[in-house]
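Participant: after the sequence you'll find the predicted model.
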Amino acid sequence: RYCSLSARHESWCWPPRSQRPRSPFRISALWLVGYTNAGKSTLFNTLTYSEVYAADQLFATLDPTLRRLPLDDVGTIVLADTVGFIRHLPHKLVEAFRATLEESSNADLLLHVIDAHEPDRDEQIEQVMRVLMEIGAAELPLLEVYNEVDLLENVEPHIQRDDRGRPVRVWVSAQQDLGLDLLRQAIAELLTEDLYQGTLQLSQNHGRFRALLFAAGAVQSEHYTEDGQSVVQVRLPRADLNRLLSREGLSQDFLDQHTLQ
């Protein structure tokens, strides 16, 4: 059971996987990973306006700390800060942190925080990727966050994209609060790649499906036709929509028939 303690002494816990309630929808989860002292906790604090302990020493962050992070076009997501990785981690510490690190394999997106000013950054990147492979998280979607751009010459905060236009790397300074708007933009783009946005016309017979859409926070607006049918504008990940359809025994044909063009 992973808990964080806010400045107001209110704890918020992420229960063990076996104790998490089943739900037809979920909140997107982002995990910060990276080499020790890459600036993960500083970035975490700046993004979430929190006061998580950050220090220039090994294992300043021993347990994952969770915060809610609202994003435009996405809604509220969960951001988690994790222990830093080092070379030749002692066996006992590996075992102690393994459960913590393995939780990151449930993430929707990993934010790999990299000290852009570190001379050995390539070796540190390799070490982090090795650990992610060991815990089965190497195949997860990953966005590189090159931190401390303010210490580099002739480098401004910016987003690097692949040949498909997808964000793959963002250059920022967590300490100076530079480029974090670009980071939020890149995260939102990656989380909304497979997003359903449309308008559904539902009869009273589909009241339960309508209720599930509202419970998932997917309904942007609603109005009624003269014959009492609900017209809802919805926005949610396709995976979540498919779960809702399946729960009600509805097919893709139902979605196609009830989507207004």
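Facilitator: Yep, it's here.

Participant: I'd guessed Ser41 sits against Asp81; true?
Facilitator: Yes - using C-beta atoms under 8 Å, Ser41 makes contact with Asp81 at a distance of 5.6 Å. C-beta coordinates here come from the backbone N, C-alpha and C atoms, glycine included.

Participant: ok, these two, which is more surrounded?
Facilitator: Set Ser41 next to Asp81 and count neighbours by other C-beta atoms under 10 Å: Asp81 wins out with 29 against 23.

Participant: and that one, how far is that from Gln185?
Facilitator: Taking C-beta to C-beta, to the nearest Å as the measure, Asp81 falls 21 Å from Gln185.

Participant: mind listing the strands for the protein?
Facilitator: Using DSSP state E, the strands found in the chain span residues 2-5, 11-14, 29-34, 65-71, 75-81, 109-115, 142-147, 158-161, 167-171, 195-202, 219-224, 230-237, 259-260.

Participant: name the helices or strands packed onto the fourth one?
Facilitator: The one in question is strand 65-71. Under the contact criterion of 3 or more C-beta pairs under 8 Å, 6 or more residues apart in numbering; DSSP states H and E, strand 65-71 touches strand 2-5, strand 11-14, helix 40-48, strand 75-81, helix 180-191.

Participant: show me what the fourth one is packed against.
Facilitator: What that stands for is strand 75-81. strand 29-34, helix 40-48, strand 65-71.

Participant: just the angle for the last one relative to strand 29-34, thanks.
Facilitator: Computed with axes from the mean of the first three to the mean of the last three C-alpha atoms, to 10 degrees, the direction of strand 65-71 lies at 120 degrees from that of strand 29-34.

Participant: can you mark which positions in strand 65-71 are buried?
Facilitator: By neighbour count, and taking 16 or more other C-beta atoms under 10 Å as the criterion, the buried residues in strand 65-71 are Thr65, Leu66, Arg67, Leu69, Leu71.
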